[in-house]
Every structure is written in structure tokens, then in C-alpha cells.
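[1] dropping the sequence and predicted coords here.
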Amino acid sequence: MPRISKKGQWMPESPIRKLVPYAEMAKKKGHKVYHLNIGQPDIKTPKCAIDAVKNTDITVLEYSHSAGFESYRKKLSSYYQTHGLPVETEDIIITTGGSEALMFAIGSTMDHGEEIIIPEPFYANYNGFATASGVTVVPVTTNLENNFELPPISEFEVLITPKTKAILICNPGNPTGRLYTYEEIVLLAEIVKKHDLFLIADEVYREFVYDVNEKHFSVLNIEGIEQNAIMIDSVSKRFSMCGARIGCIVSKNKEVMEAAMKFAQARLSPPTFAQIASEAALETPQSYFDEVTIEYKSRRDTLVRELNKIEGIEVGVPSGAFYCIARLPVENADDFARWLLESYDSNGETVMIAPAEGFYSTQGLGLDEVRIAYVLKNEDLIRSVEILKEALKVYKAR
């Protein structure tokens, strides 16, 4: 029998989705499952985006330009400029989700066997994107005790080798909710400029910042690293349009964008209807974002407050995005998460969480941690934590 590739064997399994079969079995038993495992907002998609697709009079569903609709890129550049980012239309390539934008960024800047430094824990698919490209992830570890702040510059520099090509961050962070300070972004800028590296920033959660004294700082705002900086973006979270699969790669570096365009041409074009919806979504009034921010701040506060009531749980306090990392009083969070779905219910209800081990690259880290997405309304979050509290007692007493 033919054998699959080593790359296929090494491709990591999603810690977010690998428990789906157990959740499906729980639902077949008639159990209600509270999904705290995945960043799928329950916020309504802006009506203007949905209406744009409903009202289209397209008779032939054609390819778009490989870089995406010019009209969309123009509007998107105006959107960025309104938010203080110096982005022109030619600095943007529309992609099939932020995931493809990351693949384009890695493919355009790194060769097989080269290295990328990523603060861990990080979005688990970064491992997958690197594996698919033959690139080695070199983690720099952050921890819950100091709320996942970046380590000193010396800890980055000791990891830099002749094979290092880039540093990748998510800001605000998935899975930690960490919002990097201006000082942290400047520190990263100094490193990449000194060592002639790329700085790739996944900024898809830019609008999700909850404290009035905190602000999001983009890598595109830092002077002197225009040729180093690459921004990744997406409509998935901003407009609650995860299923649209529309993102973009943005850079002032013309060589990077020319290389990314070759990848874009190879996959022909991003999806037409999704671009129509995404372009229309840019007309969404500011009031939509104001209401969403208030709602998510309330959910964050509710989740952290309720988790802190459980003895033995430690939880990081996120400043952005809609995730947090919690350390549970168990030895193996993966086993506990599977047990919750397979063997436990509270009055016919259970919860689904994402084991955090898969968000680390360093083996042995995150074994007792989980990522929780606060994408449910407050009463569901309170009930979910109640179930978690009851379940922990049963699990430890087995």
C-alpha cells in the first residue's frame, strides 16, 4: 500500500477540533453541550453584509482578480487609514481567510528548513502552517504567572540563528488574550531590525480591546520596520463572519507582496460572494463595534469572576480577543476535556473546552491548562462554569 508523506504524518492535529466526535456523541445522547472550545462568535453578522449577497444580480459567478476585488481593496485601505494605519491599495492582497494569508506570508519569506520564532502558547494552527511549509517553529515561552507578557529581548536573541527568518505574534493573542504594549511592539521592532528578520503580526482581533487605558498598536505603526513588517487580517472575528473565509496579507515590502501574489495566482482567486459580503461589511456603523466591545467585556468579566470562585483554578486576565487560558487542578486537561464529553453530564448538560497542550510547541507544557472562548452569553458562561466546578469534583473523586 502507498504511504503518506512524512509531512502528512507530522501535520499536527487541531486541539480545538479533535474532540468534535466526542461532542457529537454527547449530543446524540441528548446532552446539551456548551461550546467554550472554539472562537465562533454568537454575535450577529452585520445585516449590510448579508443583504449585499442577497441582493446581488450576478448571472455569471466569475473569478475575481487574484489580489481580490480592486473596489474592496480600495475600501479596505481607507478603513485602515481611518484607524491610523498607512496602508495603500497596492499593499493588500485578499486571501481565503487569515489562514491563507499566513501561508502566503510564510511561503513568501521562508524556505524549507528555516526557522520562525513564536511566543507560546500560540494559535495552534501556526504549527500546522509551519509544518506544511517545512519551516521549524522555535518557541519563546510566556506564562500565566505574569499574564503572558513578552520575555526580555535577551531570551529572543539567544534563539536567533542563521536559519531564523521571522518572528510571528498574534496581537491581541489567541489563546491568551494578551494585548501587547507599545513597549513590547517596539522591542520586537528593535530585534527584527537588528537581525534583519520579518515581523509577522496576526492582528485579526484588533478591535477587541476592553480596557479604556489600553490600546492596540499595529506593527504597521512602527517607523523604521516598513520592510520587515507583515500584517495578517480577517473579517472572521471583526464582523462575526467566520464562514466567509476572507482575510488579507498587508505589507509595504514590495518583494514580499510580489512573492505573495504568485501564491495568490496559483490558487486563482478568493471567493466572490464572500468578497461581496466583506466589502459591504465595511459600511458597518461604529455603534456595532461599540456594542460588541461592551458585550465581550461583560463576558470576560463574568467568566474570569466565575472561574476565580473555583478552588484550584488559576486564570489569566485577557485584555483583548475573546479567549483566556485557565490552569485546572488536574494532571491532564486533555483527558479531562474528553471525559467531560464522553462520561459526564449535569442534568443533561456538559461543556466543551480546548486542551492547551496543543497551543504550545514545547513538549510537556500546558498539560494542566485549557483555552476557554467566551463567545457565549453571560448566563451560558455562568452555567458552563457551574458545570465545570461540579465536574472537577467528580473527576478528581473517581
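    That came through, no problem.
[2] what's the per-residue pLDDT of residue 18 here?
    We have a pLDDT of 83 for residue 18.
[3] for the spatially most central residue of the chain, helix, strand, or coil?
    The centre of the chain sits closest to residue 174, judged by C-alpha atoms, centre = their mean, with a distance of 4.7 Å. Classification of residue 174 by DSSP: H, G, I helix; E, B strand; the rest coil places it in coil.
[4] contacts only, for it.
    39, 122-123, 202, 205, 321, 323 (C-beta atoms under 8 Å, 6 or more residues apart in numbering). (C-beta placed from N, C-alpha, C; glycine too.)
[5] what's the local residue count around the residue nearest to residue 332 when sequence neighbours are not counted?
    With C-beta to C-beta, 6 or more residues apart in numbering as the criterion, residue 332 has its nearest non-adjacent residue at 6.0 Å, and that residue is residue 367. The number of residues packed near residue 367 is 18, by other C-beta atoms under 10 Å.
[6] pLDDT score for residue 367?
    pLDDT, residue 367: 97.
[7] what's the spacing between it and residue 327?
    Using C-beta to C-beta, to the nearest Å, one gets 10 Å for the distance from residue 367 to residue 327.
[8] swap in residue 130?
    Distance of residue 130 to residue 327, given as C-beta to C-beta: 26 Å.
[9] which one's more surrounded, the two?
    For residue 130 versus residue 327, neighbours defined as other C-beta under 10 Å are more numerous around residue 130 (24 against 20).
[10] what about the closest residue to that one other than its chain neighbours, how many residues nearby?
    Nearest non-adjacent residue to residue 130, counting by C-beta to C-beta, 6+ apart: residue 137, 4.9 Å away. Residues lying near residue 137 (other C-beta under 10 Å) number 18.
[11] any idea what residue 137 is bridged to?
    Going by DSSP bridges, residue 137 is paired in beta bridges with residue 116.
[12] return the residues in contact with it.
    Here residue 137 is in contact with 115-116, 118, 126-127, 130, 361 (C-beta under 8 Å, 6+ apart).
[13] and the residues you listed as TSV, adding secondary structure and distance to residue 309?
    Output for those, formatted as TSV (DSSP: H, G, I helix; E, B strand; the rest coil; distance: C-beta to C-beta, whole Å):
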residue	secondary structure	distance to residue 309
115	strand	42
116	strand	39
118	strand	33
126	helix	33
127	helix	34
130	helix	38
361	coil	32
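[14] can you tell me which of those residues is nearest residue 281?
    residue 126 (25.9 Å; C-beta to C-beta).
[15] just the pLDDT at that closest one, thanks.
    Per the predicted model, pLDDT is 97 at residue 126.
[16] with residue 41 instead?
    pLDDT, residue 41: 87.
[17] next up, the contacts around it.
    With contacts defined as C-beta under 8 Å, 6+ apart, residue 41 is in contact with 237, 240, 242, 322, 375.
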